[in-house]
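Novice: Got a predicted model here, sequence first, then my questions.
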Amino acid sequence: MKRLACSFALTALLPLSAMADSISPSSYSATLGVGESVTITKTVTIDAEATTSKVDVFFLMDETGSMGSDIAAVKAAASSILSSAAGFGDINFGVGGYRDISDAFTYRTLTDMTADASATQAAINNWEAFGGYDRPEANIYALEQVANTVSWRPDAERILLWFGDATGHDPSLGSTEASATAALQAASIQVEAIDVASSCRVGYCLDGAGQASRITAATGGTYHSGIDTSSLVDTINAAISDAISTYTEVALDISEAPPGMVSVSPGVYTGSFSRDAAATYEFEVTFTGTTPGTHDFDIYATVDGGRVATEKDHIVVASVVPEPTSLALMGLGLAGLLARRRKS
């Protein structure tokens, strides 16, 4: 048996008053029999400002000799960069660097994902410009390592800020542009490439061979070119803000619900969306009584895979009981049996 609690049409991209990202209703309770179902409408509101986003941001720096002034600029402004980003919600940071295969290291992780701003600042302070020798660097290898070895949170939006001034060897220690791009896509990482070269010709900027443009396009990010030290910090802040403020997918994460108990329609909204204005997205959520017992679980609203809001559900599935007519027939049968026994 199926009960329809409520049903509404999609209401997307409507102006709303300012509020945090949310799901309405914020909780739901129902008692169902085994096999019985009920459908309700859950409305996800994505606010005009991101304040509850769950985001992982990784800083990947070219640590070769030509990057000295750019590394110094990021070090000096790191505290304000981290503080500004923290305003978007639950933000974790990671830090790494790369040089080339002839250097003391090819790629290194200075800190894995952490919510500790002090640890992030300390890792950034450990960047050191040295070496590099031939112009191309180990960019491609480093990108694939970041995709495959960093502890990205499974329910967070993922942003990679990639800084450099030279193209990358392709292949590099077994990594190619194709394999690195595939790894980044598989990990749902959005790449923001920040090219600090003053001019661009083959090999002499981050996009000298078209690598940065292709990789950012393939991952939904942006290639920022010709960024000097005076505009570097503003570019970093804008890249983080823009990556969080634009989105392409809104969905409900039902992974914590018991198997088969919850279904959602539509499965996902896709498009080119922006937090320039608040927007609402409606989902028809069907709960089905599968296993007898009391079931408490959360459903999450997600933006580009990162959780932004939580809704709590309490579903009681009653054990199978005889229908009222069956109980009456059983009573009549027992009465007849007792009457026959008395006569005998």
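Specialist: Yep, it's here.

Novice: so where is the protein shaky, pLDDT-wise?
Specialist: Across the chain, residues meeting the criterion (pLDDT under 70) sit at 1-19, 202-203, 320-344.

Novice: 50 instead, please
Specialist: Of all residues in the chain, those with pLDDT under 50 make up the ranges 2-18, 322, 325-329, 332, 337-339, 342, 344.

Novice: What segments of it are helices?
Specialist: When secondary structure is read from DSSP state H, the chain shows helices at 68-86, 117-125, 139-149, 177-186, 211-219, 229-245, 324-343.

Novice: hey, which of those is tucked in deepest?
Specialist: Of those, the one with the most neighbours on average (mean count of other Cβ atoms under 10 Å) is helix 139-149, at a mean of 24. To be clear about C-beta, it is placed using only N, CA and C from the backbone, and glycine gets the same treatment.

Novice: Show me what that one is packed up against.
Specialist: Using 3 or more Cβ pairs under 8 Å, 6 or more residues apart in numbering; DSSP states H and E as the contact criterion, the elements in contact with helix 139-149 are strand 53-62, strand 89-98, strand 107-114, strand 157-164, helix 177-186, strand 189-195, helix 211-219.

Novice: Between those, which one is closest to Asp276.
Specialist: Minimum separation from Asp276 across the helices and strands packed on helix 139-149 (Cβ to Cβ) falls at strand 53-62, 15.8 Å.

Novice: Distance from that closest one to the middle of the chain?
Specialist: Averaged C-alpha coordinates place strand 53-62 at 12 Å from its chain's average position (Cα atoms, centre = their mean, to the nearest Å).

Novice: same check, this time on stretch 101-117
Specialist: Per Cα atoms, centre = their mean, the displacement of stretch 101-117 from the mean C-alpha position of its chain is 22 Å.

Novice: and that stretch, which residues are buried?
Specialist: Applying a neighbour-count criterion of 16 or more other Cβ atoms under 10 Å, the buried positions in stretch 101-117 are 103, 106-107, 109-114, 117.

Novice: how about the helices of the chain in TSV, adding distance to Glu311?
Specialist: Below are those laid out as TSV (distance: least, Cβ to Cβ, whole Å):
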stretch	distance to Glu311
helix 68-86	25
helix 117-125	30
helix 139-149	31
helix 177-186	29
helix 211-219	30
helix 229-245	22
helix 324-343	35
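
Novice: any idea how far the closest residue to Tyr133 other than its chain neighbours lies from Leu173?
Specialist: Distance criterion Cβ to Cβ, 6 or more residues apart in numbering; nearest residue to Tyr133, sequence neighbours excluded, is Ser102 at 5.7 Å. When Cβ to Cβ, to the nearest Å is the yardstick, Ser102 and Leu173 sit 12 Å from each other.

Novice: try Met261
Specialist: Looking at Met261 against Leu173, where the rule is Cβ to Cβ, the gap reads 46 Å.

Novice: Who has more neighbours out of those two?
Specialist: In this view Met261 and Leu173 are compared by other Cβ atoms under 10 Å, and Met261 has more residues nearby, 20 against 14.

Novice: Hmm, that one is touching Thr288, no?
Specialist: Yes. The pair Met261 and Thr288 qualifies as a contact (Cβ atoms under 8 Å) at a distance of 5.9 Å.

Novice: What residues sit buried inside the lengthiest strand in the chain?
Specialist: Using DSSP state E to assign secondary structure, the strand with the most residues in the chain is strand 306-318. For strand 306-318, the neighbour count (16+ other Cβ under 10 Å) marks 306-311, 313, 315, 317 as buried.

Novice: Same check on stretch 250-260?
Specialist: Applying a neighbour-count criterion of 16+ other Cβ under 10 Å, one finds 250-254, 257 buried in stretch 250-260.

Novice: so how far is Gly208 from the residue nearest to Ile46 when sequence neighbours are not counted?
Specialist: The shortest distance from Ile46 to any residue that is not its chain neighbour, by Cβ to Cβ, 6+ apart, is 5.1 Å, and that residue is Ala279. Here Ala279 is placed at a distance of 39 Å from Gly208 (Cβ to Cβ).

Novice: swap in Asp298?
Specialist: From Asp298 across to Gly208, the span is 47 Å (Cβ to Cβ).

Novice: Equivalent analysis for Val233, please.
Specialist: As defined by Cβ to Cβ, Val233 lies at a distance of 24 Å from Gly208.

Novice: circling back to that earlier point, between the buried residues of stretch 101-117, which is nearest Lys42?
Specialist: Met113 (29.8 Å).
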